[in-house]
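Engineer: here is my input, please return the structure:
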Amino acid sequence: MDFRAVLRLIEEDFSRENIRWALIGGFALGALGVHRATIDLDFIIHRGDLEKVDKIMRIHGYQCVYKSDEVAQYVCQAKIFGEIDFILAHRNISYKMLERAQDKEIFSRTVKVLRPEDVIGLKIQALANDETRTSQEYFDIESLLGLYKKNLDWPLLEEYFTLFDLGHKYQEYKNKYYA
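Structural biologist: Sure thing, here's the model as predicted:
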């Protein structure tokens, strides 16, 4: 996948159509200073913008291979454009994530990226939903905690951990990274 080309496509087309979006996942980790390998791009979009997103993706040769109330996955036959996954924001908590997204410079473009706390929140949800992802998600969470430490919104992190019955992990991490 040519990340530069795809981010240009997303940033230009989504901005022109006033789509509410932000980068998440492995590439967002890189934008936040935690580098790890990734093979696709992941975004969060406002569910109300899905029809516009679908039109843009299809214009660029993507096919929707999976869609639910929570996610949409697009794949392009042209390897340069690869696979893009969208989480569909449709609850107050995910709307607030989108509102807090920060502008980051990536490949000389301004790209919306979720704040570290919100990336952590999505990582907590991912590990709660799929136990096979536990070690990678906790590694990513600890990498962000270690990098941002006291600069994080710890009460927001507590909400995310508590939401998924992981208050004990929150306390462990707060003792380790905030103390």
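Engineer: nearest residue to residue 177 in space, please, no chain neighbours.
Structural biologist: Counting by Cβ to Cβ, 6 or more residues apart in numbering, residue 177 lies nearest to residue 145, which is 4.4 Å off, once chain neighbours are set aside. All C-beta atoms are positioned from the backbone trio N, CA, C, and that covers glycine.
Engineer: sorry, that was for residue 156
Structural biologist: Residue 156's closest residue in space is residue 117 (Cβ to Cβ, 6+ apart), at 4.9 Å.
Engineer: who are the contact partners of residue 37?
Structural biologist: Residue 37 is in contact with residue 26, counting by Cβ atoms under 8 Å, 6 or more residues apart in numbering.
Engineer: does residue 14 count as helix, strand or coil?
Structural biologist: helix (DSSP: H, G, I helix; E, B strand; the rest coil).
Engineer: and what of residue 72?
Structural biologist: Under three-state DSSP, residue 72 comes out as strand.
Engineer: partner residues bridging it?
Structural biologist: residue 67, residue 86 (DSSP bridges).
Engineer: pretty sure it is touching residue 58, no?
Structural biologist: No. The pair residue 72 / residue 58 is not scored as a contact, 11.9 Å apart, by Cβ atoms under 8 Å.
Engineer: which of the two has more neighbours?
Structural biologist: residue 72 (22 against 12; other Cβ atoms under 10 Å).
Engineer: look at the more buried one and report its pLDDT.
Structural biologist: We have a pLDDT of 97 for residue 72.
Engineer: what does residue 3 give?
Structural biologist: pLDDT at residue 3 comes out at 88.
Engineer: same thing with the one 5 residues further on?
Structural biologist: We note a pLDDT of 90 for residue 8 in this prediction.
Engineer: with residue 177 instead?
Structural biologist: According to the model, residue 177 carries a pLDDT of 95.
Engineer: show me this protein divided up by domain.
Structural biologist: Domain ranges of the chain: 1-114, 116-179, per automatic domain parsing.
Engineer: what about the strands in this structure?
Structural biologist: When assigned using DSSP state E, the strands of the chain occupy the ranges 21-24, 41-46, 62-67, 71-76, 83-89, 102-106, 109-113.
Engineer: I'd like to know which of those strands is closest to residue 128.
Structural biologist: strand 83-89 (14.3 Å; Cβ to Cβ).
Engineer: counting contacts, what elements does the closest one pack onto?
Structural biologist: strand 41-46, helix 50-59, strand 71-76, helix 92-100 (3 or more Cβ pairs under 8 Å, 6 or more residues apart in numbering; DSSP states H and E).
Engineer: swap in 7 Å and give it another go.
Structural biologist: Identification of packing neighbours for strand 83-89 by 3 or more Cβ pairs under 7 Å, 6 or more residues apart in numbering; DSSP states H and E yields strand 41-46, strand 71-76, helix 92-100.
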